[in-house]
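Asks: got a sequence here, can you build the structure:
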Amino acid sequence: MCLLKRLLMPLIGSILIFLPLVAISQDLAVITGRTDNHRLQKVSLAWWQDGNFVPVTIFNEVSVADSFNFHITLPVNKPVFFYLDGGSDVVLLGLIMGGDSIYILKQNDSLLVSGKGARVNTAMYLAQRLQDRVALQKGRVENQLEAAGLQLAIAKQILLQYKDSLSPSVSMLMKAHLMGGPMQQLTGILWQLPPAPDSTLEERQVTFYREKILPLLPDVEINDITVMSTRFSNYLIQKAEADFYIQHRFECNTKAVYEWVKQHYGGKVRDKLLAQALMQGYASGNQPEDQDWCVRDFLGMVQDSSCKQAIARIYGKSRKGLSRGNQAPSFNITDPTGKNVSLQQFLGKVVLLHFYDSKDPVLPALQEIKSCFKDTEVCFLNIGNGAMEAGFTGLQLVLNEATRAVLSQYEVNRYPSLIVVGKDGKIFAVKPPDPATDHGTALTNIIYEALLQ
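Replies: Numbering: from 1, shown residues only. Below you'll find the model as predicted:
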């Protein structure tokens, strides 16, 4: 059965925000801070403006080694998600609006937030740290149910503690965000239920879903505000898949989930969920025929202009495809030390883009290939979709919410994926032969050929 795969980090997931394009007042928002025990090299700030799937990102060239300062213009009384990344432990996912001025202090192993707008960010940071301490164990579904239940309890406790100091809209959005992750974990347990000899798997799944999962799911209002949280939107999409399966008792596909969401939601909520599901479909490699049908149907009926523009844009790119001779999509990714790495800085070199996720079967072959070339001629960029892994040759980068769009830009739908970029910054080879099958011989020859261009 097909699962709509997430593009979110396990801890905080991906936040994709888009809001209706209306005339509203704007004001300056300020984010400043410093660290007492970590030398900053570069700090990035990403935020999601009205109508955008891909965040706006700016980089702060740190002039004083331990401080940073950002000024951005945002809507007043309309919070948007932001992601601050200074490397190491200087990372904060929060909410901000025009007129806010927050100060972030990295002290020991914690972030202290003060200033106007600090309460919601303190609450989100505290809840995230506490939820992260709950291990989401794999294996026994009972353990997973317990872990997700604990994370929901943490969210409820934090929301109760801070509810009187937050506006109703901010409190509603924060509730959807803090509970969306555990709720998605809960619905996902349905697909991990093991078979048993005393009943069919379908029967056990239906009973388990109705008796174990549904009673644990809290009541979170579904509206234009709450679907701003991608955690919550991802949960609604996954629950649509589960509900479809429970009702029809047969394997679902991309079109089935699309139709279910289309029938059960309306207005901007429907448009937002469908658009996000389609974005996920492109990133996870849904069946092209089903994906194409859904996109064309969506573009013919969607009412929200920002959703329509976002899907039309990626649909146009997908039809052109990523092929040899096209300009390689640009990107800026912060390395573990906080240094900004861009594709542009490697012009004049052949670049092997290696997209990986956890353990990688091509690693030994890549080490052999790298030994054949000089660092001044060829660069290996290992771009991870999760945690750092040991043993990679070349530079190692890890994606976060602000940079995860690079996966769709390079049409990465499986791991590992390899792409060769020529010295001129253009695509030279897409999906070369698997180096694990021939000790890297074919890929080595492709890189040599690129060097001769």
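Asks: domain-wise, how is the protein divided?
Replies: Listed by automatic domain parsing, the domain ranges of the chain are 1-130, 134-234+244-250, 253-320, 332-452.
Asks: give me the average confidence score over the longest one.
Replies: Just to be clear, that refers to domain 1-130. Regarding domain 1-130, the rounded mean pLDDT is 76.
Asks: one step back: quick one: the domains of the chain as CSV, columns for mean neighbour count too.
Replies: All C-beta spots, glycine's among them, are computed from the backbone N, C-alpha and C. Shown next, in CSV, are these (neighbours: other C-beta atoms under 10 Å):
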stretch, mean neighbour count
domain 1-130, 18
domain 134-234+244-250, 17
domain 253-320, 18
domain 332-452, 17
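Asks: ok, which of those comes nearest N326?
Replies: Proximity of the domains of the chain to N326 was assessed by C-beta to C-beta; the nearest stretch is domain 332-452, lying at 5.0 Å.
Asks: before we move on, the earlier item: now the domains of the chain in JSON lines, with distance to N326?
Replies: Below are the domains of the chain laid out as JSON lines (distance: least, C-beta to C-beta, whole Å):
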{"stretch": "domain 1-130", "distance to N326": "19"}
{"stretch": "domain 134-234+244-250", "distance to N326": "29"}
{"stretch": "domain 253-320", "distance to N326": "8"}
{"stretch": "domain 332-452", "distance to N326": "5"}
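Asks: does P336 touch N400 like I think?
Replies: No. P336 lies out of contact with N400 (C-beta atoms under 8 Å); the separation is 11.6 Å.
Asks: give me the low-pLDDT residue ranges for the stretch 151-300 of the chain?
Replies: Applying pLDDT under 70 to the stretch 151-300 of the chain picks out residues 198, 283-286.
Asks: what ranges do the helices span in it?
Replies: 168-188, 201-208, 230-248, 254-264, 267-284, 288-301 (DSSP state H, counting those that start in this stretch).
Asks: distance to L418 added to those helices, as TSV?
Replies: Shown next, in TSV, are the helices of the stretch 151-300 of the chain (distance: least, C-beta to C-beta, whole Å):
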stretch	distance to L418
helix 168-188	29
helix 201-208	37
helix 230-248	28
helix 254-264	26
helix 267-284	17
helix 288-301	21
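Asks: quick one: which of those is nearest G440?
Replies: The closest of the helices of the stretch 151-300 of the chain to G440 is helix 267-284. By C-beta to C-beta, the value is 27.3 Å.
Asks: quick one: list the elements packing against the closest one.
Replies: Secondary-structure packing of helix 267-284 (3 or more C-beta pairs under 8 Å, 6 or more residues apart in numbering; DSSP states H and E): helix 230-248, helix 254-264, helix 288-301, helix 305-320, helix 406-409.
Asks: rebuild those as TSV, extending it with distance to R129.
Replies: Compiled in TSV, the helices and strands packed on helix 267-284 are given as follows (distance: least, C-beta to C-beta, whole Å):
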stretch	distance to R129
helix 230-248	16
helix 254-264	33
helix 288-301	37
helix 305-320	32
helix 406-409	27
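Asks: I'd like to know which of the helices of the stretch 151-300 of the chain lies nearest to V351.
Replies: Closest of the helices of the stretch 151-300 of the chain to V351 is helix 267-284, at 21.7 Å (criterion: C-beta to C-beta).
Asks: chain center to the closest one: distance?
Replies: Distance of helix 267-284 from the chain centroid (C-alpha atoms, centre = their mean, to the nearest Å) equals 14 Å.
Asks: what's the angle between that helix and helix 254-264?
Replies: 170 degrees (axes from the mean of the first three to the mean of the last three C-alpha atoms, to 10 degrees).
Asks: CA atoms only: put helix 267-284 into CSV for me.
Replies: Taking Å, rounded to 0.1, in the frame of the first residue of the first chain, the C-alpha atoms of helix 267-284 are listed here in CSV:
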residue,chain,number,x,y,z
GLY,A,267,-12.3,25.8,1.1
LYS,A,268,-8.8,26.9,1.9
VAL,A,269,-8.2,23.9,4.2
ARG,A,270,-8.9,21.5,1.3
ASP,A,271,-6.7,23.5,-1.0
LYS,A,272,-3.8,23.6,1.5
LEU,A,273,-4.0,19.8,2.3
LEU,A,274,-4.2,18.8,-1.4
ALA,A,275,-1.3,21.1,-2.3
GLN,A,276,0.8,19.7,0.4
ALA,A,277,0.0,16.1,-0.5
LEU,A,278,0.9,16.8,-4.1
MET,A,279,4.2,18.4,-3.0
GLN,A,280,5.0,15.3,-0.9
GLY,A,281,4.1,13.2,-3.9
TYR,A,282,6.7,14.9,-6.1
ALA,A,283,9.3,14.5,-3.4
SER,A,284,8.6,10.8,-2.6
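Asks: got the angle for it vs helix 305-320?
Replies: Here helix 267-284 points in a direction 20 degrees away from that of helix 305-320 (the same axes, to 10 degrees).
Asks: so which of the helices and strands packed on helix 267-284 gets nearest G348?
Replies: For G348, the closest of those is helix 406-409, at 21.3 Å, according to C-beta to C-beta.
Asks: which parts of the stretch 301-450 of the chain are strands?
Replies: With strands called from DSSP state E, counting those that start in this stretch, the stretch 301-450 of the chain shows them at 332-334, 340-342, 350-356, 378-384, 395-398, 417-421, 427-430.
Asks: make JSON lines from these and add distance to N234 and mean pLDDT to it.
Replies: Shown next, in JSON lines, are these (distance: least, C-beta to C-beta, whole Å; pLDDT from 0 to 100):
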{"stretch": "strand 332-334", "distance to N234": "23", "mean pLDDT": "86"}
{"stretch": "strand 340-342", "distance to N234": "28", "mean pLDDT": "89"}
{"stretch": "strand 350-356", "distance to N234": "21", "mean pLDDT": "93"}
{"stretch": "strand 378-384", "distance to N234": "20", "mean pLDDT": "91"}
{"stretch": "strand 395-398", "distance to N234": "20", "mean pLDDT": "88"}
{"stretch": "strand 417-421", "distance to N234": "22", "mean pLDDT": "92"}
{"stretch": "strand 427-430", "distance to N234": "28", "mean pLDDT": "87"}
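Asks: wait, which of those is closest to G87?
Replies: G87 lies closest to strand 332-334 among those, at 6.3 Å (C-beta to C-beta).
Asks: now that closest one: how far from the chain's centre is it?
Replies: The chain centre lies 15 Å from the centre of strand 332-334; the measure is C-alpha atoms, centre = their mean.
Asks: could you do stretch 301-312 as well?
Replies: Centroid separation for stretch 301-312 versus its chain: 20 Å, with C-alpha atoms, centre = their mean.
Asks: show the average pLDDT along it.
Replies: Averaging pLDDT along stretch 301-312 gives 89.
Asks: looking at R319 now. What's its pLDDT?
Replies: On pLDDT, R319 comes in at 66.
Asks: same check, this time on the one 3 residues further on
Replies: At L322, the pLDDT value in this model is 73.
Asks: bridged to L418, which residues?
Replies: Per DSSP bridges, the residues bridged to L418 are H354.
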